[in-house]
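> how would this look folded up:
(chains A, B, C and D)
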Protein chains: 2
Amino acid sequence: MSNVRLRDIAEKLGVSVTTVSRALAGYNDVAPGTRQLVLQTAREMGYYPNLTARHLQRRRTDTIGLVVDVTGPRFSDPLFSELLAGVGNQAAREGFDLFVATTLPNTEDELQAYRRLVRGRRVDGIIVVRTRVADRRVQFLLDHQFPFITFGRSTLADHLSWVDVDGEQGVRLVVERLIAAGHRHIAMLQPDLPFMFALFRERGYRHALQAHGLTVEQGWIVHQPLTEDGGYQGMRRLLQLPVPPTAVVASNDQMAIGAIRASEICLLPALSLEGYSTCEIRKYR
Amino acid sequence: MSNVRLRDIAEKLGVSVTTVSRALAGYNDVAPGTRQLVLQTAREMGYYPNLTARHLQRRRTDTIGLVVDVTGPRFSDPLFSELLAGVGNQAAREGFDLFVATTLPNTEDELQAYRRLVRGRRVDGIIVVRTRVADRRVQFLLDHQFPFITFGRSTLADHLSWVDVDGEQGVRLVVERLIAAGHRHIAMLQPDLPFMFALFRERGYRHALQAHGLTVEQGWIVHQPLTEDGGYQGMRRLLQLPVPPTAVVASNDQMAIGAIRASEICLLPALSLEGYSTCEIRKYR
DNA sequence: GTGAAAGCGCTAACAG
DNA sequence: CTGTTAGCGCTTTCAC
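Model prediction:
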């Protein structure tokens, strides 16, 4: 029942492996009778093709590679769950499998993971998530002329295929909402790595303030890891400023939650609500 | 530079493919001189083994399969990000790759995904996440005698390998905390599918109430999808009860967030805090 | 319509 | 120590 090969079907039927292969593949140069026989026998014997063998012969794996950033050996942005659901779902619809690796961003391990996918011919193409300034992964893939697309823009080659959200516009909307709510001291929790999205968002932040005649004070842009603790630490630092902000825009849900936690401790619940609202940034996309 | 095979190295050096293979694999039946030569040439030519070919020949893929539940084509529990980071990290350490598929739980698609992994010999073993009562996936894997472990216990065979958290104890702690805080009307937001974890948690819930002489009123256990909207809807229903609860235990972060949202609308912020605290359930594990 | 033969790139048993 | 031989299971010319 479980390890049936083309050969087994062929022998049982007294035909050649080639014929079985062709019948199963749906080629039309097989006699209708033979085809029926093969199809039925295959079903009876519980045939299922060995995908590895097929991949080797076809020189393609029908698999897409996805390397996701983790913030620690056991933590990663919850956002990736959604990403994975979206990508996985669509890939399945198109008949593709998904190969996933997890590594710390900007490390040698990360590049190693890409090398494995590309050089080991493990996948046919790659999705690069959360691009960074001077992204080594993008450079690597360009160097190898390997098919890939990025989620996020890139500084390296503007001719590559990418998908992105308008973070500049998103943060501008957030900041304007805060301004409309009466805030004048608005801070920003940025990541500690040079992610591309941070550039655009900072631009939106500055433009929004500027457009309303507000200035960005010293210390209002804090760089921290994209974690709850990063948000917590960043918020603490903000609250110790001579002129602490009354609202803050965080880079992701986790930082926002950390920021809320820090602000609750300081008995400034107003802050927490504003911080939390930035969780919705991706809904503005 | 990029599609070098063992044969290319062999021809360049005038030795056999076998020798190259063995030298690279580190077998000790290769002359030190030859080995050096092979190693160096391989490096120079940028050799990297074709993993597919290796897998076919070795009849193992060094890959672990992971099928994660999604709650919709584009949504999935943020918890899976952490799961993925943990599994991915450890798998990499042990020299294993990760194959990930996403499907809706308890559907034909889901079983199809498992069939692909198992029958297509795409992976060497599988991790089943979030077991359910009478889990068809577990049954399938048992039927095929395929190596797997489950995250979550199972009703099907208690001799299989599993890892689990003590949800009964976790929820008991949560409920006792609520009782200690003065609550007497404590409700529970349960999933709408027969996940195993729900059984244990409900047991913990009932035991805790019972131990304090409290009874579970009609309608206090609400079944909803494990989503923010599920939590929202469930909470709304709870708030419409003749005797609405003053605290609620949610099944996951998303339901808790939805519950908070529903309770805020009803101007019962006290509820939201209690609901939120259940986000920490997994920290009690 | 069907089969024989070749080969994807690698590993392993077996001689020598 | 090294090479020859024989596959892994599948697809794909190319004859017949």
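> count of neighbours near A:E168?
Neighbour count of A:E168, defined by other C-beta atoms under 10 Å in any protein chain shown: 19. C-beta: built from backbone N, CA, C; applies to glycine.
> Name the nearest residue to it, sequence neighbours excluded.
A:G204 (3.9 Å; C-beta to C-beta, 6 or more residues apart in numbering or on different chains).
> and if you look at A:N50?
B:R121 (5.4 Å).
> from what I can see that neighbour touches A:P49, true?
No: B:R121 is beyond contact range of A:P49, at 9.2 Å (criterion: C-beta atoms under 8 Å).
> Neighbour count: those two, which is higher?
Comparing B:R121 with A:P49 by other C-beta under 10 Å, the one with more neighbours is B:R121, at 22 against 17.
> how close does that one get to DNA strand D?
The gap separating B:R121 from DNA strand D is 8 Å, by C-beta to the nearest atom of the strand, to the nearest Å.
> likewise A:Q139?
Per C-beta to the nearest atom of the strand, A:Q139 is found 33 Å from DNA strand D.
> my read: that residue touches A:L156, true?
Yes: A:Q139 lies in contact with A:L156 (C-beta under 8 Å); the separation is 6.0 Å.
> out of these two, which sits in the more crowded spot?
Using other C-beta under 10 Å as the criterion, A:Q139 and A:L156 rank with A:L156 on top: 18 against 14.
> A helix includes the more buried one, no?
No: assignment of A:L156 by DSSP: H, G, I helix; E, B strand; the rest coil gives coil, placing it outside any helix.
> Contacts only, for it.
Residues near A:L156 by C-beta atoms under 8 Å, 6 or more residues apart in numbering or on different chains: A:134-135, A:138-139, A:142.
> Over to A:F197?
A:F197 neighbours (C-beta under 8 Å, 6+ apart): A:130-131, A:152, A:165, A:167.
> out of those residues, which are buried?
Among these, those buried by neighbour count (16 or more other C-beta atoms under 10 Å in any protein chain shown) are A:130-131, A:152, A:167.
> sorry, back to before: buried ones from the contacts of A:L156, can you make that a PyMOL selection?
Here is the PyMOL command that selects the buried residues among the contacts of A:L156 (16+ other C-beta under 10 Å):
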select buried, chain A and resi 135+138+142
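> JSON lines for the contacts of A:L156, including distance to A:N3?
Listed next are the contacts of A:L156 as JSON lines, based on distance: C-beta to C-beta, whole Å:
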{"residue": "A:A134", "distance to A:N3": "49"}
{"residue": "A:D135", "distance to A:N3": "44"}
{"residue": "A:V138", "distance to A:N3": "42"}
{"residue": "A:Q139", "distance to A:N3": "43"}
{"residue": "A:L142", "distance to A:N3": "42"}
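> which one of the contacts of A:L156 sits closest to DNA strand C?
Of all those, A:L142 has the smallest distance to DNA strand C: 22.5 Å, by C-beta to the nearest atom of the strand.
> pretty sure the closest one contacts A:A157?
Yes: the criterion here is C-beta under 8 Å, and A:L142 meets it with A:A157 at 6.1 Å.
> residues in the stretch 1-150 of chain A within reach of DNA strand D, list them.
A:3, A:5-7, A:17-18, A:21-22, A:24-25, A:49-50, A:53-54, A:56-58 (C-beta under 7 Å from any atom of the strand).
> which residues in chain A form helices?
Using DSSP state H, the helices assigned to chain A run over residues A:6-13, A:17-25, A:32-45, A:51-58, A:79-93, A:108-119, A:136-143, A:167-180, A:196-211, A:228-239, A:253-265, A:269-277, A:281-284.
> Check which helices and strands the fifth one is in contact with.
Using 3 or more C-beta pairs under 8 Å, 6 or more residues apart in numbering or on different chains; DSSP states H and E as the contact criterion, the elements in contact with helix A:79-93 are strand A:63-69, strand A:97-103, strand A:125-129, strand B:63-69, helix B:79-93, strand B:97-103.
> Now do the buried residues in it.
Those would be A:79-89, A:91-92, for helix A:79-93 by 16+ other C-beta under 10 Å.
> For those residues, give me TSV that also has pLDDT.
Listed next are the buried residues of helix A:79-93 as TSV, based on pLDDT from 0 to 100:
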residue	pLDDT
A:L79	87
A:F80	91
A:S81	91
A:E82	88
A:L83	92
A:L84	94
A:A85	94
A:G86	92
A:V87	94
A:G88	95
A:N89	93
A:A91	95
A:A92	94
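> quick check, nearest of the residues you listed to A:G231?
Minimum distance to A:G231 across the buried residues of helix A:79-93 is 14.2 Å, recorded for A:L79 (C-beta to C-beta).
> Pull up the gap between that closest one and B:P73, please.
Distance of A:L79 to B:P73, given as C-beta to C-beta, to the nearest Å: 16 Å.
> buried stuff in stretch A:211-226?
Those would be A:214, A:220-222, A:224-226, for stretch A:211-226 by 16+ other C-beta under 10 Å.
> and the two most separated of those residues?
Farthest apart among these - using C-beta to C-beta - are A:L214 and A:P225, which lie 27.6 Å from each other.
> about what we covered before: turn the helices and strands packed on helix A:79-93 into a markdown table, columns for distance to B:R236.
Formatted as a markdown table, the helices and strands packed on helix A:79-93 follow (distance: least, C-beta to C-beta, whole Å):
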| stretch | distance to B:R236 |
| --- | --- |
| strand A:63-69 | 35 |
| strand A:97-103 | 36 |
| strand A:125-129 | 36 |
| strand B:63-69 | 24 |
| helix B:79-93 | 24 |
| strand B:97-103 | 29 |
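> among these, which is nearest A:L193?
Once these are compared by C-beta to C-beta, strand A:63-69 is nearest, at 8.8 Å.
> who in the stretch 1-150 of chain A is up against DNA strand C?
For the stretch 1-150 of chain A, the residues in contact with DNA strand C (C-beta under 7 Å from any atom of the strand) are A:14-19, A:22, A:29-31, A:33-35, A:53, A:56-57, A:59.
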